[in-house]
Structure formats: structure tokens, C-alpha cells
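Novice: Sharing a model prediction with you, sequence too.
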Amino acid sequence: MTTTAFGGLSPSEGLDLLRRGEITVEGRLTAASNATLYCTVSDGGVSAACVYKPVAGERPLWDFPDGTLAGREVSAHAVSEALGWSVVPPTVHRDGPYGEGMVQLWVHGDTTVDLVALSRETDHPGLRRMAVLDAVINNSDRKIGHLLPTPEGHLYGCDHGVSFAEDYKLRTVLWQWQGQPLTDEALISLATLRTRLRDARDPLGALLSAHLTGPEVYAVRERVDLLIHHGIHPYPAPDWPSVPWPPV
């Protein structure tokens, strides 16, 4: 199904375009901490806006291996799709004008939505799915500005480069469900994800192993198991900042 969020393309069409299209850099998003380039990806008569984050433009971090943030973004998209929720916009890892990196479809969001108010909602299904995804991928930087509501009502999220750490580092503005039971939908999706993670023939495992360390892949399985076992949204870590700064 096509969507105005991706300029009239469906997510699958957009994903194909990201893989095969030619990338043209249009400008740079200067507010981003790492090199983040606004681009057009084109193939024949089809084009779309996208974000390109080259590995060469990643700043070294003390708690993540160098040159791995782009792969973590792609891994977040893969887990989002495995859950069946499409929280992360279509994302690929490929070569570009400045070398290999992450390329993600630009989301034409609904600018009339108050993102601060949205981030505080307790009955928004898409927001709650995002909170579960963040728990699975151990997202350490879920800010309000990463929420991308679309005119059709779907909610996407962006900037998942500092995810999948082995140690528990969940840092988010979405703590309103902490300790509350997971929804039946979430438990079903988590069970499906667990099955796929345990299947050595499933391509999801190969993709994660290509971009994450062995202990990090194992930690993903452990987090899914814990979520299913306890059946609740997680609590903040007592020895780790629970909200990113700035939160917006």
C-alpha cells in the first residue's frame, strides 16, 4: 500500500529503491551529532527522499565499537519488521557517495502533531509498540524528536544507531508503561521474534550477526526471553540515566 509518508511509494517499493537507486546528496542535517545527509535516491523515473549516514562520518563512542552505528540502524529495521510493526522506516546498508553506510527513507511526517504531547500518551498503540521495540533492541537514545507520526496515522521512529549494546542501557522518554503487563499483541509478536531468532536458517540471524557482535546477538535473544517470561514493560536501570538528554 502506498503512503504519503514515502512520497507515494509503499514500504516495499521504497526498500527496493533504496537498494538499487542512485544516491544524490542534497544537503546536510547539521543538528545531527554524526554526518547525516539529506539525499534523493532515484532509479529510472522513480525517486524518493532519504537519509544517508556514511560510516566514515560516525563519531567514535566510548561504549560502542567504531564504525558500527549504520549496521545497528539496519538491525533495528530488521527487528521491527520481524515483530510485524514497521516502527523503523525502510533501511538498508549499502555503498554511497562517501562510502558504505545506512540509507533510510525520509518520512514525510504530520507536522501538525504535538510531539511532546504524543510522547506522553498512554493509549497510543503505535507508541506502545515502539516502547517494546526499544526494550528489545536496548535503545539508549529514544528522544521525542525521533517520533515520526504520518498523515495516515502510522508512527515511525528514527535514529537507532546507539542500540543493541550487550549491557542494559535502555534510555527513553517512553516510560509511561513501566511495570505494566505487555499487551497480548506484544507477547504474540515477541514469541514470533523469539522463534525466528532461534532458527539458524532464518535470515534475520545472519543479518544481525553481520552487524552486531556475538554477545550482542545473544543479548537480543536474552532480552526477548526476559520480556516474555516476566510479561511486563521493563523498569529503568538503577545505575544508568533513564532519559536521554536533551529529551527532545
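Specialist: Here it is on my side, so go on. Numbering: from 1, shown residues only.

Novice: Packing partners of the top helix by length along the chain?
Specialist: The helix that spans the most residues within the chain, counting by DSSP state H, is helix 214-230. Secondary structure elements in contact with helix 214-230, counted by 3 or more CB pairs under 8 Å, 6 or more residues apart in numbering; DSSP states H and E, are helix 125-137, helix 184-198, helix 203-211. C-betas here are computed from N, CA, C, even on glycine.

Novice: Let me have those helices in JSON lines, adding distance to E26 and mean pLDDT as columns.
Specialist: Output for these, formatted as JSON lines (distance: least, CB to CB, whole Å; pLDDT from 0 to 100):
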{"stretch": "helix 125-137", "distance to E26": "28", "mean pLDDT": "98"}
{"stretch": "helix 184-198", "distance to E26": "36", "mean pLDDT": "98"}
{"stretch": "helix 203-211", "distance to E26": "27", "mean pLDDT": "98"}
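
Novice: Nearest to W175, out of those helices?
Specialist: helix 125-137 (8.2 Å; CB to CB).

Novice: Quick check: buried residues in the closest one?
Specialist: By 16 or more other CB atoms under 10 Å, the buried positions in helix 125-137 come out as 126-137.

Novice: Output the longest helix of the chain as PDB - backbone C-alpha positions only.
Specialist: Presented in PDB, the C-alpha positions along helix 214-230 are these (Å, rounded to 0.1, in the frame of the first residue of the first chain):
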ATOM      1  CA  GLY A 214      28.200 -12.400  19.000                       C
ATOM      2  CA  PRO A 215      27.500 -11.300  22.600                       C
ATOM      3  CA  GLU A 216      25.200  -8.600  21.300                       C
ATOM      4  CA  VAL A 217      23.100 -11.000  19.300                       C
ATOM      5  CA  TYR A 218      22.900 -13.300  22.300                       C
ATOM      6  CA  ALA A 219      21.800 -10.400  24.400                       C
ATOM      7  CA  VAL A 220      18.900  -9.700  22.000                       C
ATOM      8  CA  ARG A 221      17.700 -13.300  22.500                       C
ATOM      9  CA  GLU A 222      18.000 -12.900  26.200                       C
ATOM     10  CA  ARG A 223      16.000  -9.600  26.300                       C
ATOM     11  CA  VAL A 224      13.200 -11.200  24.300                       C
ATOM     12  CA  ASP A 225      13.200 -14.200  26.600                       C
ATOM     13  CA  LEU A 226      13.000 -11.900  29.700                       C
ATOM     14  CA  LEU A 227      10.200  -9.800  28.200                       C
ATOM     15  CA  ILE A 228       8.100 -12.900  27.500                       C
ATOM     16  CA  HIS A 229       9.000 -14.600  30.900                       C
ATOM     17  CA  HIS A 230       8.000 -11.500  33.000                       C
END
